[in-house]
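Undergrad: Below is the sequence, then the predicted model.
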Amino acid sequence: QDKSGQLKVELQLERAVPTGYIDVGNCGCAFLQIDVGHSSWPLDRPFITLLPATTLMSLTDSKQGKNRSGVRMFKDVDFLAPASGELWDRLRLTCSRPFTRHQSFGLAFLRVCSSLDSLDDSVVGPSALLSSVLNKVGEMF
């Protein structure tokens, strides 16, 4: 019933790691911003922006409900300098769709990979579970 057009989700990683790249499966989200922080920080301390608000859907597609799914891949050169290369164990995803507020939106999946991970074992945390949680949260909007 929330018609704000914005969805925020905070995720706790198993351990603090440098973020090497992030793959995102879109499900009707127009913009995505990713902020990072530490679980040891006080609750009132603001997160630091890792990936500034990024367009996942055009204005036209968002208004018409077209091209709702797609995959975007972000790597360390896409991340802002203050947060890039540092160790983080908390992510805040802010999904928004300000143009059309009567359709559900969210992310189909999120894959966070550390620059420390090998190619064979590059997912931090259980991606299938994370995808399921994000889908269920996204369906609420």
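TA: In hand now; what should we look at?
Undergrad: show me the contacts for Ala53.
TA: Residues near Ala53 by C-beta atoms under 8 Å, 6 or more residues apart in numbering: Phe31, Leu32, Gln33, Thr94, Ser96. Using the backbone N, CA and C atoms, a C-beta is placed for each residue, glycine as well.
Undergrad: try 10 Å this time
TA: Going by C-beta atoms under 10 Å, 6 or more residues apart in numbering, Ala53 touches Ala30, Phe31, Leu32, Gln33, Ile34, Thr94, Ser96.
Undergrad: again with Val36
TA: 13, 16, 19, 47-51, 79-80, 82-84, 86-92.
Undergrad: rerun that using 8 Å as the cut-off
TA: The contact partners of Val36, by C-beta under 8 Å, 6+ apart, come to Thr19, Phe47, Ile48, Thr49, Leu50, Ala83, Glu86, Trp88, Arg90, Leu91, Arg92.
Undergrad: Narrow those to those in helices?
TA: Assignment to helices by DSSP state H places none of those there.
Undergrad: out of the residues you listed, which are buried?
TA: Using 16 or more other C-beta atoms under 10 Å as the burial test, the contacts of Val36 include Thr19, Phe47, Thr49, Leu50, Ala83, Glu86, Trp88, Arg90, Leu91, Arg92 as buried.
Undergrad: Alright, calling it a day.
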